[in-house]
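Peer 1: Need a 3D model of the sequence below.
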Amino acid sequence: MTQDDFLEVIATEVEQDPSNLALREDFITLLLQTDPDRAARELTVLEEAGGDLARVRVLRARIMAARLRGGTSAAPVETPNRAPVAAPSSQDHDGEDHDGEDPDSPTPGLWDTERPVVTLADVAGLAEVKKHLNATFLAPLRNPEMAAAFGQTPGGSLLMYGPPGCGKTFIARAIAGDLGASFIHVTLADLLGKWLGDSEKAIRSVFRHARAAAPCVIFLDEFDALGGRRTSGSGGSQAMRSIVTQLLEELDGVSSANEGVYFLAATNRPWDIDPALRRPGRIDKTVLVLPPDATARAAILEGDLAKKPTDAVEVAKVAAATEGFSGADIAHVVKSALQEALTASMEAGAVLPVTTSALLRAAADVIPSTTAWFDQVAPVLEYGVDDGTFDQLRAYRVSKGLR
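Peer 2: Next up, the predicted model:
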């Protein structure tokens, strides 16, 4: 089956189940790689159907980035009850330079900072991920005196990669909690502006804010859309070149003169990251965040079922049946079982609890979303250039009997 055939199969499923917003969101994510204009149309439908506004903002920014990187025409992304959001431009509709403030542009200096209370100890399972994090990133930071003896200053950067929906954001917060640091969660929607130069200003602003709040963790999600490979050609590509160049300047500052600033990035497509960002002294450490193991899956199930009417659910049995599921997949299984129980309860006129069998039926109807990611990464491992980024992934595939 070709990629186009696969997309049409998904499109058919979306048409047959228009209320399945999670499926439509996955469809939009797939379309970003090949047809951002169609993705924009699907995004409008998702928002009108009541899709999560935070996710809609992120997806809208990713569509803008996909158009910029691909050099396609930057058609407006229509949004309900809102003026169209155009792609970045250095001029207004009269052809004059735009030097003033724009209400649609990022707002430098207004970054929400939080102090996470979770730590890696609160992350169930994922022993190998935590072991790798401790060995390569956290251990020197927890021993500043010893690190100083070897000329190391507090600070650093890390790229987390892996299938979508596997908890990279939660782990980033846990790292900040472990370090006792402030936490700034930055999305593409926060950085991509309407005018050329807006994104660079926003990047400078978030790093200035982090330096003032040090120790501070900056977490940038969907990093491949912002820090993707710079290519020559269209004006859109030149815009992305400027954004990556600004990131390089800030990261060089983090690695040298700016103590107490930690830069964490997450991506599902590490092979698309610009090589200049991965050079030593920049984002030179990586960790693979895999689908949750049995312990983590059981913890996710217990958390999602907490305070819900259940009938002695065998969590371990359900966890065993969800091998390879992402955290988002498991949440969908629980949501489906809860919806089934709610419907049955309304028909019966009494509360009917969620059962183990209901959860197992729901799990049987779900194809793990991680499968597509592992299929996608296979040719990268086979034919791509590997600087060591994929060592953990290769070891994992061997442990699972995969080539």
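
Peer 1: shaky segments in the stretch 101-250 of the chain?
Peer 2: 101-110, 153-154, 227-240 (pLDDT under 70).

Peer 1: The same query, at a cut-off of 90, please.
Peer 2: Scanning the stretch 101-250 of the chain for pLDDT under 90 picks out 101-158, 164-167, 178-181, 186-215, 221-250.

Peer 1: Which parts of it are helices?
Peer 2: For the stretch 101-250 of the chain, applying DSSP state H, counting those that start in this stretch gives helices covering 127-133, 139-142, 144-149, 168-179, 188-191, 198-212, 223-226, 235-256.

Peer 1: Tell me which of the ones you listed lies nearest to residue 28.
Peer 2: Minimum separation from residue 28 across those (CB to CB) falls at helix 223-226, 13.2 Å. Every residue, glycine included, has its C-beta placed from N, CA and C.

Peer 1: so what does the closest one touch, helix or strand wise?
Peer 2: For helix 223-226, the helices and strands in contact under the criterion 3 or more CB pairs under 8 Å, 6 or more residues apart in numbering; DSSP states H and E are helix 53-70, helix 188-191, helix 235-256, strand 261-267.

Peer 1: burial of residue 272, as a residue count?
Peer 2: By other CB atoms under 10 Å, 16 other residues sit near residue 272.

Peer 1: so it makes contact with residue 224?
Peer 2: Yes - here residue 272 reaches residue 224: they are 4.4 Å apart, a contact under CB atoms under 8 Å.

Peer 1: Next, the buried residues of whichever strand or helix holds residue 379.
Peer 2: Applying DSSP states H and E as the criterion places residue 379 in helix 370-383. Residues 370, 372-374, 377, 380-381 are the ones in helix 370-383 that count as buried (16 or more other CB atoms under 10 Å).

Peer 1: Return the member of those residues nearest to residue 337.
Peer 2: Nearest member of the buried residues of helix 370-383 to residue 337, counting by CB to CB, is residue 370, at 20.3 Å.

Peer 1: ok so, going back, let's have the helices of the stretch 101-250 of the chain in TSV, adding distance to residue 157 and mean neighbour count.
Peer 2: Formatted as TSV, the helices of the stretch 101-250 of the chain follow (distance: least, CB to CB, whole Å; neighbours: other CB atoms under 10 Å):
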stretch	distance to residue 157	mean neighbour count
helix 127-133	13	17
helix 139-142	12	14
helix 144-149	15	11
helix 168-179	12	22
helix 188-191	17	22
helix 198-212	12	20
helix 223-226	11	25
helix 235-256	6	18
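
Peer 1: so which strand or helix has residue 13?
Peer 2: helix 3-16.

Peer 1: Counting by contacts, list what whichever helix or strand comes after that helix packs against.
Peer 2: Downstream of helix 3-16, the first helix or strand assigned by DSSP H and E is helix 21-31. Counting by 3+ CB pairs under 8 Å, 6+ apart, the packing neighbours recorded for helix 21-31 are helix 3-16, helix 36-48, helix 53-70.

Peer 1: what helix or strand is the closest residue to residue 300 other than its chain neighbours on?
Peer 2: Nearest residue to residue 300 in three dimensions, chain neighbours excluded: residue 330, at 4.9 Å (CB to CB, 6 or more residues apart in numbering). Using DSSP H and E, residue 330 maps to helix 327-348.

Peer 1: now the angle between helix 168-179 and that helix, please.
Peer 2: Put simply, helix 327-348 runs at 110 degrees to helix 168-179, going by axes from the mean of the first three to the mean of the last three CA atoms, to 10 degrees.

Peer 1: how about helix 327-348 as CSV, C-alpha atoms only?
Peer 2: Written as CSV, here are the backbone C-alpha positions of helix 327-348 (Å, rounded to 0.1, in the frame of the first residue of the first chain):
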residue,chain,number,x,y,z
GLY,A,327,0.1,6.7,26.5
ALA,A,328,-2.4,8.5,24.2
ASP,A,329,-3.6,5.2,22.8
ILE,A,330,-4.2,3.9,26.4
ALA,A,331,-6.1,7.0,27.2
HIS,A,332,-8.3,6.4,24.2
VAL,A,333,-8.9,2.8,25.2
VAL,A,334,-10.2,4.0,28.7
LYS,A,335,-12.2,6.8,27.1
SER,A,336,-13.9,4.3,24.8
ALA,A,337,-14.7,1.9,27.6
LEU,A,338,-16.1,4.7,29.7
GLN,A,339,-18.3,5.9,26.9
GLU,A,340,-19.6,2.4,26.4
ALA,A,341,-20.4,2.1,30.1
LEU,A,342,-22.1,5.5,30.1
THR,A,343,-24.3,4.6,27.1
ALA,A,344,-25.3,1.2,28.8
SER,A,345,-25.9,3.0,32.1
MET,A,346,-28.3,5.5,30.5
GLU,A,347,-30.2,2.7,28.7
ALA,A,348,-30.5,0.8,32.0
